[in-house]
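Colleague: got a predicted structure plus its sequence, pasted below:
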Amino acid sequence: MAEQVPTGEFAHWRLYSALVVDDEEGMRRFLERALAGRCASVAAAGSVEDAEELMRRQYFDLVILDIALPGKSGVEWLHELRERGFSGDVVLITAYADLDTAIDALRAGASDFLLKPFSLAQMLNAVKRCFDRSRLARENYVLRREVQELAAGDDRLVGRSEPTQRLCELLRRIAPTPSTVLIQGESGTGKEVVARVLHRLSPRAQGPFVPINCAAMSPEIIESELFGHVKGAYTGASGNREGLFFYARGGTLFLDEISELPLPLQAKLLRVLEERRVRPLGSETEIPVDVRIIAATNRHLAQEVAEHRFRQDLFYRLQVVEVNLPPLRERREDIPDLVAHFLAQIGSQLGFTSIAPDAEMMRLLQAYEWPGNVRELRNYLERSLILGGFHWARGPSAPSERPKSDSLEDMERQHVRSVLAAASGNKSEAARRLKISRKTLERKCQQWGI
């Protein structure tokens, strides 16, 4: 009678692929059958040469490898795999129950090993340990990024105006679908907030949300960041590195400022959207990806296409569902709610006692055009909280009324000083909190003699 194992405990490996390498046909079939219904794909080879050919054509997250193989041994091949930068898990199978064999296996880079004869449950538990470690490593990487992104951010929509309610209804309608989404809106309107809301309301909510700003990196860096690279792909590539498509598996990849992506990378992204596979820099192997793409831009992409700065075919691929965000001046009714929300949030983050604007100040806040939208409002409120009051030109009541320019610069300088002090002088951390580049911060510090 076949061995029975609990199916639920070993049934969630659909993101992973496995390769079985064993010269015994019966063992190959046993392992292949055991994993076929649990993993995304399973392949088998009877020799190192056959396994090499399979690995040239397909990416594998896990290799189950017999030590005793004709020609090159499993341990020798494992050494070569690690030297070439293979970062997947390897479970070695051995018939020799001695400590030296186990030590050699671990030194060679094995993730685990199985002693023949082994049961189905023992094998599945070894595989489970490998996939659990891989999942945790990916989740830790994503969580570190999310902590950095959310340190001064937010992930919910605030407001009761008609435009905001229409937006919420649209998001509720499209979130459950797997469709690619294109978010368009002026700078500061909250495109990443909307992307996070879509992710949170989607069936992928338990998966990672991985954001990247396409305008913040050079073309060389962003290609490696998105798709990954293998050892030796370029000068300084000392090992394999998985890209963000890998880390976003089972979740959402948010491509902010997609219009800034160079044309050659646009072509590569189009291919990924069409084939659902990525090829790391310098690699001949394609890796299957399971991600939802949400892209955002503050430009009019149709105009970018007309002026040959953005690929038309990629535009159509991204524009399956389009979300247009209203500027803050078109939803002024939301300003009181936003003010209350941001003052409470910033006060909690900085440890300051919250202050509230009076009726006249709220009128001025609602009358101002806010060209920088919600981001400008939040920054103004943060400066006001740090300085202990709202500084505003008390002139005639007019929609264009705004803070005095000289006061703004003074406030900005004091704000930068405060954030630098809070970051213990670390300019990279201060720039992240201020949501500006380090280069911009250094220029301002030089200008103000800080």
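Modeller: Happy to help now that I have it. Numbers count the residues shown, from 1 in each chain.
Colleague: where does the prediction get shaky in the chain?
Modeller: 1-12, 97-99, 102, 138, 141-155, 232-233, 236-238, 391-411 (pLDDT under 70).
Colleague: ok, residues contacting the longest strand seen in it?
Modeller: Identified as the longest strand of the chain according to DSSP state E is strand 13-21. Strand 13-21 has contacts (Cβ atoms under 8 Å, 6 or more residues apart in numbering) with 28, 31-32, 35, 38-48, 50-51, 54-55, 58-66, 69, 74, 127, 131, 134, 249-250, 288, 290. For glycine as for every other residue, the C-beta is placed from the backbone atoms N, C-alpha and C.
Colleague: over to stretch 178-186?
Modeller: 174, 191, 194-195, 198, 258, 273, 292-301, 317-327, 373.
Colleague: check which residues of it are buried.
Modeller: Using 16 or more other Cβ atoms under 10 Å as the test for burial, stretch 178-186 gives V181, L182, I183, Q184, G185, E186.
Colleague: now swap in stretch 191-203 and tell me
Modeller: K191, E192, V193, V194, A195, R196, V197, L198, H199, L201, S202.
Colleague: after the host helix or strand of A431, next one along is what?
Modeller: For A431, the element it lies in under DSSP states H and E is helix 427-434. Next helix or strand after helix 427-434 toward the C-terminus (DSSP H and E): helix 438-448.
Colleague: what's that next one packed up against?
Modeller: helix 405-422, helix 427-434 (3 or more Cβ pairs under 8 Å, 6 or more residues apart in numbering; DSSP states H and E).
Colleague: pull out the buried positions in that helix.
Modeller: L441, K444, C445.
Colleague: again with stretch 159-175
Modeller: In stretch 159-175, counting by 16+ other Cβ under 10 Å, buried: G159, S161, T164, L167, C168, L170, L171, I174, A175.
Colleague: go on, stretch 243-261?
Modeller: In stretch 243-261, counting by 16+ other Cβ under 10 Å, buried: 243-261.
Colleague: circling back: which among the contacts of stretch 178-186 end up buried?
Modeller: Buried subset of the contacts of stretch 178-186 (neighbour count, 16+ other Cβ under 10 Å): 174, 191, 194-195, 198, 258, 292-298, 301, 317-318, 321, 323, 325-327, 373.
Colleague: does L35 touch V127 like I think?
Modeller: Yes. Under the criterion of Cβ atoms under 8 Å, L35 makes contact with V127 at 7.2 Å.
Colleague: show me what contacts I64?
Modeller: Contacts of I64 (Cβ under 8 Å, 6+ apart): A18, L19, V20, V21, D22, L31, V90, V91, I93, M123, V127.
Colleague: one more time with 7 Å, if that's ok
Modeller: A18, V20, V21, L31, V91, I93 (Cβ atoms under 7 Å, 6 or more residues apart in numbering).
Colleague: neighbour-wise, which one of these leads?
Modeller: Compared across the contacts of I64, A18 has the highest neighbour count, 28 neighbours, by other Cβ atoms under 10 Å.
Colleague: and that one, how close does it get to A430?
Modeller: Relative to A430, A18 is positioned 46 Å away (Cβ to Cβ, to the nearest Å).
Colleague: bridging residues for L182?
Modeller: A295, E322 (DSSP bridges).
Colleague: which residues of the protein fall in strands?
Modeller: Going by DSSP E, the chain shows strands at 13-21, 39-45, 62-66, 89-94, 112-115, 181-184, 209-213, 252-256, 277-278, 287-288, 292-297, 321-324.
Colleague: dump those strands into CSV; add distance to E360 as well.
Modeller: Compiled in CSV, the strands of the chain are given as follows (distance: least, Cβ to Cβ, whole Å):
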stretch, distance to E360
strand 13-21, 56
strand 39-45, 62
strand 62-66, 66
strand 89-94, 64
strand 112-115, 69
strand 181-184, 35
strand 209-213, 38
strand 252-256, 37
strand 277-278, 55
strand 287-288, 59
strand 292-297, 36
strand 321-324, 33
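Colleague: now for those, which one comes closest to G388?
Modeller: Distance to G388, taken as Cβ to Cβ, is lowest for strand 209-213 among the strands of the chain, at 32.9 Å.
Colleague: packing partners of that closest one?
Modeller: helix 120-150, helix 191-201, helix 244-247, strand 252-256 (3 or more Cβ pairs under 7 Å, 6 or more residues apart in numbering; DSSP states H and E).
Colleague: chain center to the third one: distance?
Modeller: Spelled out, that is helix 244-247. Remark: helix 244-247 is offset 7 Å from the chain centroid, using Cα atoms, centre = their mean, to the nearest Å.
Colleague: identify the residue spatially nearest to G243, adjacent ones excluded.
Modeller: In space, and not counting its chain neighbours, G243 is closest to G228: 3.3 Å by Cβ to Cβ, 6 or more residues apart in numbering.
Colleague: list the contacts of the one you found.
Modeller: R241, E242, G243, F246, P280 are the contacts of G228 under Cβ under 7 Å, 6+ apart.
Colleague: could you do G46 as well?
Modeller: Taking Cβ under 7 Å, 6+ apart as the test, what G46 contacts is D23, R28.
Colleague: and I221, how many neighbours does it have?
Modeller: 10.
Colleague: and it, how far is that from N213?
Modeller: I221 is 12 Å from N213, where distance means Cβ to Cβ.
Colleague: ditto for N140
Modeller: 21 Å.
Colleague: neighbour count winner among these two?
Modeller: Remark: of N140 and N213, N213 carries more neighbours, 16 against 10, as counted by other Cβ under 10 Å.
Colleague: would you confirm that S384 contacts F390?
Modeller: Yes. Between S384 and F390 there is a contact at 4.9 Å, judged by Cβ atoms under 7 Å.
Colleague: give the intersection of the neighbour lists for the two.
Modeller: With Cβ under 7 Å, 6+ apart as the test, S384 and F390 reach no residue in common.
Colleague: what's near enough to touch P176?
Modeller: Applying Cβ under 7 Å, 6+ apart, the residues near P176 are S202, P203.
Colleague: could you find the closest non-adjacent residue to L270?
Modeller: L314 (4.6 Å).
Colleague: residues near the one you found, how many?
Modeller: 23.
Colleague: so which bits of stretch 216-236 are buried?
Modeller: Result for stretch 216-236 [16+ other Cβ under 10 Å]: buried residues I222, E223, S224, E225, L226, F227, G228, H229, V230, K231, A233.
Colleague: then stretch 27-42?
Modeller: Those buried within stretch 27-42 under the rule 16+ other Cβ under 10 Å are M27, R28, L31, E32, A34, L35, R38, C39, S41, V42.
Colleague: for the second one, give me its contacts.
Modeller: Under the criterion of Cβ under 7 Å, 6+ apart, the contact partners of R28 comprise V20, D22, A44, G46.
Colleague: want to try TSV for those, with distance to G207 as columns?
Modeller: Conversion of the contacts of R28 to TSV gives the following (distance: Cβ to Cβ, whole Å):
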residue	distance to G207
V20	27
D22	33
A44	29
G46	36
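Colleague: which two among these are spaced furthest apart?
Modeller: Distance extremes for those: the farthest pair is V20 and G46 at 9.6 Å, using Cβ to Cβ.
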